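need a structure here:
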Amino acid sequence: MKYEKIRKIVLEAILEAVDMGLIHGTSGNIALRDDEDDVVAVTPSGISYSHMTADQIAICDLNGKWLEGPFKPSSEIPMHTAAMRARKDIRATVHTHGMFATIAAMSGELKAVTPPQCEFVPVGIVPFTMPGSNDVAEKVVEALGEKGRAVLIQNHGMFCCGKDMKAAMAATVYTEEMAQTAWYAKVAGVFTPMPDEAVARMKALIEADQAV
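The predicted structure follows:
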């Protein structure tokens, strides 16, 4: 099987996301770039992830053109490839429809509550734009900027990225956790995000690999 390594990584990641409840049914999609051949492995469109095999993962070029695989790539391939074209540090991308991230997107703000969450702020907010369009792809790239790791899309979900799949999945898990923590804290009337100065110091520690 061609591109076996990146296909297997994408399959493992999507199954992990399903197990964690970040993805339900056929919603959500994950992609990984192969730097040597400038191709992208991405979950296919409309196929149940539970029984998917690695050879069913689609292969596209960096413009989203379908190259290999029995099933067409996710309709969100423009968003994944646009992020990878815009920033060379982005090799892995994860798009989910997590409940709490979706709620946070409607509120228009998401702030870190615990130290590990600091790595992924600020979280950009993108107004609702038709899924699968070049328009939403462009807006997500703009919201990510030069260093962003996570973006919320109103009435849609979340888009995260990283230097590899582990980093992209971490951004996804902690951003959803951030949204969930904020939601319950607001319901309880005790929401107290971390001070901006503490967030900045924590981010610096994480970037220097000195976080506890």
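
Walking through this structure, point out its helices one by one.
In the chain, the segments counted as helices under DSSP state H are 4-19, 77-86, 99-107, 134-144, 165-188, 196-207.

Burial-wise, tell me which of the ones you listed comes out on top.
helix 77-86 (a mean of 23; mean count of other CB atoms under 10 Å). Quick note: C-beta positions are derived from backbone N, CA and C, even for glycine.

Just give me the residue closest to the centre of the chain.
Among the residues of the chain, the one closest to the centroid is Cys160, at 2.4 Å (CA atoms, centre = their mean).

For Cys118, which residues are in contact?
Residues in contact with Cys118 (CB atoms under 8 Å, 6 or more residues apart in numbering) are Ala112, Met194, Ala198, Val199, Met202, Lys203, Ile206.

nearest to Trp66, of these?
Ile206 (37.1 Å; CB to CB).

circling back: was I right about the residue nearest to the centre of the chain contacting Ala171?
Yes - between Cys160 and Ala171 there is a contact at 3.8 Å, judged by CB atoms under 8 Å.

now the helices of the chain as TSV including distance to Asp55?
Putting the helices of the chain into TSV (distance: least, CB to CB, whole Å) gives the following:
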stretch	distance to Asp55
helix 4-19	7
helix 77-86	18
helix 99-107	31
helix 134-144	27
helix 165-188	18
helix 196-207	37
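
Out of the ones you listed, the one nearest Arg33 is which?
Arg33 sits nearest to helix 77-86 of all these, at 5.2 Å, using CB to CB.

any idea how far Glu12 is from the residue nearest to Leu15 when sequence neighbours are not counted?
Closest residue in space to Leu15, ignoring its immediate chain neighbours: Tyr49 at 6.5 Å, by CB to CB, 6 or more residues apart in numbering. For Tyr49, the distance to Glu12 equals 11 Å [CB to CB, to the nearest Å].

And the most far-flung residue of the chain relative to its centre, what's its pLDDT?
Using CA atoms, centre = their mean, the residue of the chain lying farthest from its centre is Gly189. It sits 29.2 Å away. Gly189 carries a pLDDT value of 97.

ditto for Asp209
For Asp209, pLDDT reads 78.

ok, now Ala200?
Per-residue pLDDT puts Ala200 at 95.

Could you do Leu110 as well?
The per-residue pLDDT of Leu110 was computed as 95.

How about the contacts made by the spatially closest residue to Ser50 that is not a sequence neighbour?
Among residues not flanking Ser50 along the chain, Val18 sits closest, at 6.8 Å (CB to CB, 6+ apart). Contacts for Val18 (CB under 8 Å, 6+ apart) come out as His24, Tyr49, Ser50.
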